[in-house]
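Visitor: Next comes the sequence, and after it the predicted model I'd like to discuss.
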Amino acid sequence: MSWWKNGLLLGAGGIAGLAIAAWLESENDPLGASRECRREPSTTESIEALMEKIRDEAQWAMDECTTDEQREKVYEEVKSSIQKLQIALERSGDKIITDLKAKTKEAEDDELGSSDPLTNYRSTLEKLLKDLDNSKPAGGE
């Protein structure tokens, strides 16, 4: 395998390792430390950081390429990495939905309170997507 493929695989492995570490840290806090002590990054900041990492690794790989064929392979690898992230997000979303359904069955609390949770969820998600769109560079990347 050529050196640029090794570098790209190493970068993808690093991204995957960071994602797994963040997930494990969010699932279990072995020391039982309070999360109020530190500021957690927002979802938008986390997504931006992940995309910036992918962009940096891809740029490094592109800088090392000497032929158009190598550049095409980098493009394909970036596309593949993004698709893998989408699949992982979809699986995580399915797990969240399953967990929410299980908790709802256990609680069986039909009272909605003063506001509709679905409306709050939708408005929060729309704001997040708007913030993410606004944070994209103007260069069309």
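Guide: That came in fine, so what should we check first?

Visitor: Ala61 - how many residues pack around it?
Guide: A count of nearby residues for Ala61, using other Cβ atoms under 10 Å, gives 21. Every C-beta, even on glycine, is put in place using the N, C-alpha and C of the backbone.

Visitor: Now that it has come up, it's in contact with Val74, right?
Guide: Yes. With contact defined as Cβ atoms under 8 Å, Ala61 counts as touching Val74 (4.8 Å).

Visitor: Check which residues of the host helix or strand of Glu90 are buried.
Guide: Assigned by DSSP states H and E, Glu90 belongs to helix 68-107. Buried residues in helix 68-107, defined by neighbour count with 16 or more other Cβ atoms under 10 Å: 70, 73-74, 77-78, 81, 85.

Visitor: any idea which of the residues you listed is the one closest to Ala102?
Guide: Nearest to Ala102 among the buried residues of helix 68-107, counting by Cβ to Cβ, is Leu85 at 25.9 Å.

Visitor: can you tell me the helix or strand for the closest residue to that closest one other than its chain neighbours?
Guide: Nearest residue to Leu85 in three dimensions, chain neighbours excluded: Leu50, at 7.5 Å (Cβ to Cβ, 6 or more residues apart in numbering). Using DSSP H and E, Leu50 sits within helix 43-64.

Visitor: Show me what the mean pLDDT comes to for that helix.
Guide: In this model, helix 43-64 carries a mean pLDDT of 87.

Visitor: going forward, begin numbering at 16 instead of 1
Guide: I'll keep to 16 as the first residue from here, and by that count the last item is helix 58-79.

Visitor: That one packs against which elements?
Guide: Applying 3 or more Cβ pairs under 8 Å, 6 or more residues apart in numbering; DSSP states H and E, one finds that helix 58-79 contacts helix 18-42, helix 83-122, helix 132-150.

Visitor: Kindly report which one of these carries the lowest mean pLDDT.
Guide: Least confidently modelled of the helices and strands packed on helix 58-79 is helix 18-42, at a mean of 70 by mean pLDDT.

Visitor: Tell me who's in contact with the residue most central in space within the chain.
Guide: Nearest to the mean C-alpha position of the chain, by Cα atoms, centre = their mean, lies Ile62 at 4.9 Å. Neighbouring residues of Ile62 by Cβ atoms under 8 Å, 6 or more residues apart in numbering: Leu147.
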